[in-house]
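A.B. asks: Here is my input; please provide its structure:
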Amino acid sequence: MSTIADFIGVSARENVEKAIAKARDNESFNAILSLTEARALQRADQVDRGEITGSLAGVPFIAKDNFLTYGGTTTAASKILENFEAPLQATAIEKLEAEGAICIGKANLDAFAHGGSTENSAYGPTQNAVDQTRVAGGSSGGSAVVVALDIVPFALGTDTGGSIRQPASFNGVVGIKPTYGTVSRYGVVAMASSTDTIGVLTTNAHDAGLVMDIMGGRDTKDMTTLDDFFTPTTIEGSKKIGVIREAMADDVDADVRAATQSYIEKLRAAGHTVEEVSLSMLKYALAIYYIVVPAEISSNLGRYDGIRYGKRAEASTLTEVYGESRDQGFMTENKRRIMIGSYVLSSGFFDAYYLKAQKARTLLINEFNALFANYDVLIAPVAPTPAFKLGANAADPIKMYLEDIMTVPASLAGLPAISVPAGVSQDGLPIGVQLIGKQRDDAQLLALAESMEGKA
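C.D. replies: All right, here's what the predicted structure looks like:
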């Protein structure tokens with residue numbers, strides 16, 4: 001697969017035309033919802049004329065379709081935003097374009113990023129890059145697949161509870177969820193404001209660091225952003241690494257455990273100390289997540305009422321406009337999460353559910369902090385299984401939610417975590433391993449991952 005370096009110093013128009021041609025050749029995967037061809041070619045010509053410069057000049061990329069961009073629609077893979085053209089661009093897009101990168105299109109996702117398979121898209125599911133009978137993972141499934149198919153060297157995603165890491169694992173690419181607040185969320189359709197992060201999917205850890213370094217930093221339009229701290233670096237000495245015992249339980253797929261164990265042995269061979277540790281709150285993380293996140297979703301989706309923007313249903317009263325617009329515009333999973341969130345925030349249930357979940361979240365954070373007092377990095381599988389068959393979990397939302405069990409703890413604690421390829425299953429399906437670090441230790445995580453690439 002290509003790296004960013006392969007596109008540097010080459011005609012930008014040639015880069016863009018090749019990427020668009022590859023996108024069209026792979027339409028059967030349904031990974032891309034739209035191409036921004038006219039604007040991409042215009043910017044490519046400007047790069048070739050020397051009017052646009054920068055460290056990524058002429059490098060094509062694809063953004064998940066919940067990033068506001070010029071040159072086409074931003075749908076969040078929903079019907080309610082089917083014809084929405086953004087009046088502004090996301091800060092992350094603006095920063096990449098300032099360095100000469102060229103967005104050629106928008107990737108498919110679970111509508112409003114609600115899902116773990118990209119089967120909840122209003123425009124149909126994305127198929128796995130390795131096996132088209134299987135899911136791409138989600139919600140950034142389209143972004144993972146376009147990188148795995150070598151259409152572009154990097155794609156942007158969002159990770160709220162595993163939405164970059166899990167599809168990266170399922171498609172055999174690198175995906176990073178940074179420390180909460182590393183990259184501005186301004187101009188990105190909100191899911192859950194306390195766990196949403198902006199990250200990238202690439203073919204290698206070095207490229208992930210390059211892109212994150214450009215996107216990171218404080219933004220006055222997003223008060224949750226952190227001062228710029230993300231500076232790519234090399235690995236500093238040997239690391240003390242903790243294997244999360246609860247994530248290696250017998251109910252985890254045997255191939256996943258084997259691939260994780262193989263990566264652990266490579267870490268030991270490289271001189272790192274690896275020991276088993278316990279994260280007892282892991283078993284509660286999913287319950288915490290599916291109370292806190294739907295509560296925030298129900299609040300964030302309140303703006304889609306058919307009045308200010310988006311789909312407006314034909315109706316005779318204001319109440320009916322609200323109801324019909326949302327009924328026609330939201331997918332079943334969107335409605336399910338709104339209902340759960342409204343319930344846990346309602347009078348009489350707020351203390352029993354939402355407040356208790358936030359207290360439990362603090363206990364999880366405290367347990368992570370205790371582990372990081374003695375360990376530099378934690379390691380666990382990304383998901384309990386390799387990519388599952390399309391439709392296998394569609395009828396059972398609880399079974400689908402269980403796929404997030406490994407990834408939501410880091411999200412709830414605001415920690416950086418990266419999914420890196422660790423092996424393949426007996427069926428030839430990619431399997432990733434997850435490296436979790438302390439807050440603001442993103443660059444060292446990527447340096448560790450880069451140091452392990454190509455290890456036999």
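A.B. asks: can you give me the strands for this protein?
C.D. replies: Ranges of strands within the chain are 32-35, 60-64, 102-107, 154-159, 174-177, 197-202, 240-244, 273-277, 377-381, 417-424, 430-437, based on DSSP state E.
A.B. asks: same for the second one, what does it pack against?
C.D. replies: For strand 60-64, the elements it packs on are helix 12-25, strand 102-107, helix 141-148, strand 154-159, judged by 3 or more CB pairs under 8 Å, 6 or more residues apart in numbering; DSSP states H and E. Heads up, the C-betas are built off the backbone N, CA and C, glycines and all.
A.B. asks: and what of the fourth one?
C.D. replies: For strand 154-159, the contact count by 3+ CB pairs under 8 Å, 6+ apart identifies strand 60-64, helix 141-148, strand 174-177, strand 197-202, helix 205-215 as packing neighbours.
A.B. asks: hey, which of the ones you listed is tucked in deepest?
C.D. replies: Neighbour counts (mean count of other CB atoms under 10 Å) averaged over each of the helices and strands packed on strand 154-159 peak at helix 141-148, with a mean of 34.
A.B. asks: what is the mean pLDDT for that one?
C.D. replies: Helix 141-148 comes out with an average pLDDT of 98.
A.B. asks: Any figure for the gap between Phe330 and Ala190?
C.D. replies: For Phe330, the distance to Ala190 (CB to CB, to the nearest Å) stands at 15 Å.
A.B. asks: do Ala38 as well
C.D. replies: Using CB to CB, Ala38 is found at 29 Å from Ala190.
A.B. asks: quick revisit: reformat the helices and strands packed on strand 154-159 as TSV; add distance to Ser163.
C.D. replies: TSV is the format used below for those (distance: least, CB to CB, whole Å):
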stretch	distance to Ser163
strand 60-64	9
helix 141-148	9
strand 174-177	8
strand 197-202	9
helix 205-215	16
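A.B. asks: how about those, which one is nearest Glu85?
C.D. replies: Glu85 sits nearest to strand 60-64 of all those, at 14.7 Å, using CB to CB.
A.B. asks: List the neighbouring strands of the closest one plus their orientation.
C.D. replies: Pairing partners of strand 60-64, with direction, according to DSSP bridges: strand 102-107 (parallel), strand 154-159 (parallel).
A.B. asks: need these in a markdown table with mean pLDDT, can you?
C.D. replies: Putting the strands paired with strand 60-64 into a markdown table (pLDDT from 0 to 100) gives the following:
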| stretch | mean pLDDT |
| --- | --- |
| strand 102-107 | 98 |
| strand 154-159 | 98 |
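A.B. asks: can you put these in JSON lines and add distance to Leu435?
C.D. replies: As requested, these are exported to JSON lines (distance: least, CB to CB, whole Å):
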{"stretch": "strand 102-107", "distance to Leu435": "24"}
{"stretch": "strand 154-159", "distance to Leu435": "14"}
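A.B. asks: Serialize the ones you listed to CSV and add fields for mean neighbour count and distance to Gln127.
C.D. replies: Listed next are these as CSV, based on neighbours: other CB atoms under 10 Å; distance: least, CB to CB, whole Å:
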stretch, mean neighbour count, distance to Gln127
strand 102-107, 29, 13
strand 154-159, 30, 16
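A.B. asks: out of the ones you listed, nearest to Ile244?
C.D. replies: strand 154-159 (18.5 Å).
A.B. asks: show me where pLDDT drops low in the stretch 51-200 of the chain?
C.D. replies: Within the stretch 51-200 of the chain, no range satisfies pLDDT under 70.
A.B. asks: That's all I had, so thanks and see you.
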